[in-house]
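S.K.: Pasting a predicted model and its sequence here:
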Amino acid sequence: MENPADETVNDLQQELKEKASESKDSFLTRIALTTALIAALAAITGYLAGERADESLVDQIHAADHWSFYQAKSIKSAVLTAKIETLQTLKGEPPAKADLEKITRYEEEMKEIQKLAEEKQKQATLRLEQRKILANGVTLFQIAIAIGAISAITRKKGLWYGSLLFGAGGLVQLIHELFFS
């Protein structure tokens, strides 16, 4: 027959093993949950980065359209100025009032078109900067996910904390872009 003290020690050892196993499972569950959350944030951040890149491209296209329109007005103005100068040189005629008014109108329109084109260029540049911030966030989230997977395999809490730290860095980038850009 076994000693009651030995039986109690065996029971305690068994209970400790079960608790340790539960603790490991709980740790793995925390790693899995935080890694899943980080992956979701990475997906959102990646989507927003792509959206900012698309918006930048559209803004660049609009800026190019405005610059093309500006050039067209500039060419019309140059042709009309050449006409006026040619008529003055060949025939000594003064410029027609309508032609002078057109040149003035073209110059005013060109100033407005230039302003719009420059605004679109600034907006495109801003969107590219926003995309860079978000891309940095995605990178930090991806690093966090990789470190989280390594911590799950090795069961090292220090690595998990590192994963959380990189995830926090990605979250800072996401929050910065959403609320402070």
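M.R.: That came through, no problem. Residues are numbered from 1 along each chain as shown.
S.K.: Name the next helix or strand following whichever helix in the chain runs longest along the chain.
M.R.: In the chain, with assignment by DSSP state H, the single longest helix is helix 4-91. Going down the chain from helix 4-91, the next helix or strand is helix 97-154, by DSSP states H and E.
S.K.: Which secondary structure elements does that next one sit against?
M.R.: Judged by 3 or more C-beta pairs under 8 Å, 6 or more residues apart in numbering; DSSP states H and E, the packing partners of helix 97-154 are helix 4-91, helix 157-180. The C-beta positions use only the backbone N, C-alpha and C, and glycine is treated the same way.
S.K.: Just send those helices back as JSON lines, with distance to Ala135 too.
M.R.: Shown next, in JSON lines, are the helices and strands packed on helix 97-154 (distance: least, C-beta to C-beta, whole Å):
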{"stretch": "helix 4-91", "distance to Ala135": "5"}
{"stretch": "helix 157-180", "distance to Ala135": "9"}
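S.K.: so which of those helices is the most packed in?
M.R.: helix 157-180 (a mean of 16; mean count of other C-beta atoms under 10 Å).
S.K.: tilt between it and helix 97-154?
M.R.: Angle, helix 157-180 to helix 97-154, by axes from the mean of the first three to the mean of the last three C-alpha atoms, to 10 degrees: 160 degrees.
S.K.: got the contact list for helix 157-180?
M.R.: Residues from elsewhere that reach helix 157-180, judged by C-beta atoms under 8 Å, 6 or more residues apart in numbering: 27, 30-31, 34-35, 37-38, 41-42, 44-45, 48, 130, 133-134, 136-141, 143-145, 147-148, 150-152.
S.K.: ditto for stretch 126-139
M.R.: Taking C-beta under 8 Å, 6+ apart as the rule, stretch 126-139 contacts 42, 45-46, 48-49, 52-53, 55-56, 59, 169-174, 176-177, 181.
S.K.: mind showing which ranges of this structure have poor pLDDT?
M.R.: Residues of the chain meeting the criterion pLDDT under 70: 1-24.
S.K.: Now do the most centrally placed residue in it against Thr125, distance only.
M.R.: Centrality entry for the chain: nearest residue to the mean C-alpha point is Arg131, 2.4 Å, by C-alpha atoms, centre = their mean. In this view, Arg131 and Thr125 are 11 Å apart by C-beta to C-beta, to the nearest Å.
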